[in-house]
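Engineer: Below: sequence and its predicted model.
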Amino acid sequence: MLEALTLKNFEGYKKAVLLFHEGVNVIVGESDHGKSSIMRALRWTVLNKPGGEEFISTWSEDGVSVKVRIDGKSVTRVKGKENAYYIDKKKYLSFGVGIPEDVSRLFNMEEVNIQNQLDTHFLLTDSPGEVARYFNKIVDLDIIDRSMSKIQQSLKSEKQGLLNKKSELASLEEELKSYDWLISAEDHLRKLEILSRSINATSTKVEQITSLLQNIEVVEKDKAPLLKLISAREEVIVLIGVLNNINKTKVQLEEITYLLDELEKIEKEKVVLSNLSKAGPTISSLMALAKGIGLKQTELLELSNIIESVNTIDSQIALKKKKKEELQKEIAKMMPDVCPLCDQEIRR
């Protein structure tokens, strides 16, 4: 439901607010007093028509705005410093000559819903075909018309395509006659393929034979050194035996060297043990002395503990004496100079 309409700087209105009620609303006024301006403002907001800026008031510096309250929402159309629609606070830009889809869905109005004073009566002056198309559109029967139109267009296009294909086929058949020589050329081509395969097989055999000849040359070159090695076989066997003996001798020599090193270590250990046996009495006296030193260290530790305990007791006694003096001072402060019982001076 249309609830309110607010105009700012639209044609002759600096600011105007119109409130609508349920049912039929009538705008009454003298001629040339702004009734049509109200309808143009509503049309401009709902349909974004007319274009241009002729309806902006001459005194306006900020442009024009029309605000429509509908179904609890506000739709505002502004033009001047910015060209935009607003639904409440949501802003819409770059909509061209149409209107944003959200705005169109909210208004749900078309040209027929907003007619001017001099417009022809709805459907009364239209032709029967136009009236039928309008009612078909209301009940979605215009889908049939659009479908039939598309089918006719497709059929016409397919017929034209068929004619083009037939013409192209005749042209290709005429061109094909100029290639009759290909039938005889096919037999020649088949023979050439057989000959080509034979040539390829022969070339492969020639390459294999050439490779074998090259291998034979390499073997002939390598054969002379091999013959020399074969003739020197006995000498090589003797040298191998000599090398084996040399290796065995090296192993035995390493074993003897290891045994000599171990023997030298044992001799050194014997000397050390002999010296230790001679120093036996001295070691015993040193061990006894070390034992006596250990006992003395134990006694010294016990004496240190006793001294520490005595020092702790002395500290406690000093603290007690200090506490006693503090208590005596406090008692002296609390004690009066004269006895409350006998009125005699108390000696301290």
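Structural biologist: Cool, got the structure. These figures come from a predicted structure and were not determined experimentally. Residues are numbered from 1 along each chain as shown.

Engineer: now the strands for this structure?
Structural biologist: 2-10, 13-19, 63-70, 73-80, 84-87, 90-92 (DSSP state E).

Engineer: Columns mean neighbour count on top of those, output as a markdown table?
Structural biologist: (Each C-beta comes from the backbone N, C-alpha and C, glycine too.) Conversion of the strands of the chain to a markdown table gives the following (neighbours: other C-beta atoms under 10 Å):
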| stretch | mean neighbour count |
| --- | --- |
| strand 2-10 | 19 |
| strand 13-19 | 13 |
| strand 63-70 | 20 |
| strand 73-80 | 18 |
| strand 84-87 | 16 |
| strand 90-92 | 13 |
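
Engineer: could you check the distance from Ala84 over to Asn247?
Structural biologist: Look at Ala84 and Asn247: by C-beta to C-beta, to the nearest Å, they are 104 Å apart.

Engineer: Got the domain ranges for this structure?
Structural biologist: Partitioning the chain according to automatic domain parsing yields domains covering residues 2-119, 120-178.

Engineer: Do me a favour and average the pLDDT over the longest one.
Structural biologist: So that's domain 2-119. Averaging pLDDT along domain 2-119 gives 90.

Engineer: how far does that domain sit from the chain's center?
Structural biologist: Mean C-alpha position of domain 2-119 versus that of the full chain (C-alpha atoms, centre = their mean, to the nearest Å) differs by 47 Å.

Engineer: low-scoring stretches of the stretch 151-300 of the chain, by residue?
Structural biologist: In the prediction, the stretch 151-300 of the chain carries residues with pLDDT under 70 at positions 181-182, 223-233, 236, 272-281, 283-284.

Engineer: give me the number of residues near Gly161?
Structural biologist: Here the neighbour count serves as a burial measure; for Gly161 (other C-beta atoms under 10 Å) it reads 10.

Engineer: That one and Gln152: what is the separation?
Structural biologist: Separation of Gly161 from Gln152 (C-beta to C-beta): 15 Å.

Engineer: elements contacting the longest helix seen in the chain?
Structural biologist: If each helix of the chain is counted by residues according to DSSP state H, the longest one is helix 280-334. For helix 280-334, not one helix or strand is in contact under the criterion 3 or more C-beta pairs under 8 Å, 6 or more residues apart in numbering; DSSP states H and E.

Engineer: closest to Leu176 out of the strands of the chain?
Structural biologist: Closest to Leu176 of the strands of the chain is strand 90-92 (C-beta to C-beta; 63.4 Å).

Engineer: Could you pull out the helices in the protein for me?
Structural biologist: For the chain, the helices identified by DSSP H occupy 35-47, 101-107, 128-138, 142-176, 181-231, 233-278, 280-334, in order along the chain.

Engineer: could I have the second one exported to CSV, CA atoms only?
Structural biologist: Taking only C-alpha atoms (Å, rounded to 0.1, in the frame of the first residue of the first chain), the coordinates of helix 101-107 have been written out as CSV:
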residue,chain,number,x,y,z
GLU,A,101,15.4,-4.9,-9.6
ASP,A,102,14.7,-4.6,-5.9
VAL,A,103,12.9,-1.3,-6.4
SER,A,104,10.8,-2.7,-9.3
ARG,A,105,9.9,-5.7,-7.2
LEU,A,106,8.8,-3.5,-4.2
PHE,A,107,6.6,-1.2,-6.3
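
Engineer: which parts of that helix are buried?
Structural biologist: For helix 101-107, the buried set under the neighbour-count rule, 16 or more other C-beta atoms under 10 Å, comprises 103-104, 106-107.
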